[in-house]
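Colleague: Build me a model from this:
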Amino acid sequence: SAINKGADGYEMKDVEPQQLIETIRRVMNGEKMIHPKAQDVFETVSQKPHYTNKLSKREIEVLREMVKGKTNKEIAETLFVSEKTIKTHVSHIFSKLQVSDRTQAAIYAMENKLI
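Modeller: Numbers count the residues shown, from 1 in each chain. Purely as a prediction, here's the structure:
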């Protein structure tokens, strides 16, 4: 995980600005700060087997865009396909990686160097 590789803190992208400032302040004072949701995901993901070879090339492209924080609509525009097609890919990604949301998928992708 990012924490195992030396990161001292991890926050979610939708955290309130005041919370982000507090996290940065505490990390700068030597504390390790991990958002509770991220901690749960890190623990869940670290217990999962690797499914790298089960994702299609297109699913990996979609996953890469998900990690960037793009919506299904934005991914569809980037990859020149319909939003419905992206929703199908996202569903397959969740199933193959045994995750339940975009955050878990993104962390899994980064942890396992899929992107």
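
Colleague: Which phi and psi values does residue 9 adopt?
Modeller: Note on residue 9: its backbone torsions stand at phi -160, psi 160 [degrees, to the nearest 10].

Colleague: Could you pull up the contacting residues of it?
Modeller: Contacts for residue 9 (CB atoms under 8 Å, 6 or more residues apart in numbering) come out as 23, 24, 26, 27, 32, 33, 34. The C-beta positions use only the backbone N, C-alpha and C, and glycine is treated the same way.

Colleague: ok, the last one touching residue 10?
Modeller: Yes - here residue 34 lies in contact with residue 10, judged by CB atoms under 8 Å, at a distance of 4.8 Å.

Colleague: Help me confirm that residue 85 comes into contact with residue 76.
Modeller: Yes - Residue 85 is within contact range of residue 76, at 6.9 Å (criterion: CB under 8 Å).

Colleague: Please narrow the contacts of residue 9 to those residing in strands.
Modeller: 33, 34 (DSSP state E).

Colleague: okay, the contacts of residue 9 in CSV with distance to residue 60 and neighbour count next?
Modeller: As requested, these are arranged in CSV below (distance: CB to CB, whole Å; neighbours: other CB atoms under 10 Å):
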residue, distance to residue 60, neighbour count
23, 31, 19
24, 32, 13
26, 35, 14
27, 32, 16
32, 31, 11
33, 31, 18
34, 27, 19
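
Colleague: can I get the contacts of residue 9 in CSV with distance to residue 17 and pLDDT?
Modeller: As requested, the contacts of residue 9 are arranged in CSV below (distance: CB to CB, whole Å; pLDDT from 0 to 100):
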residue, distance to residue 17, pLDDT
23, 11, 87
24, 11, 89
26, 15, 86
27, 16, 85
32, 21, 82
33, 15, 80
34, 18, 80
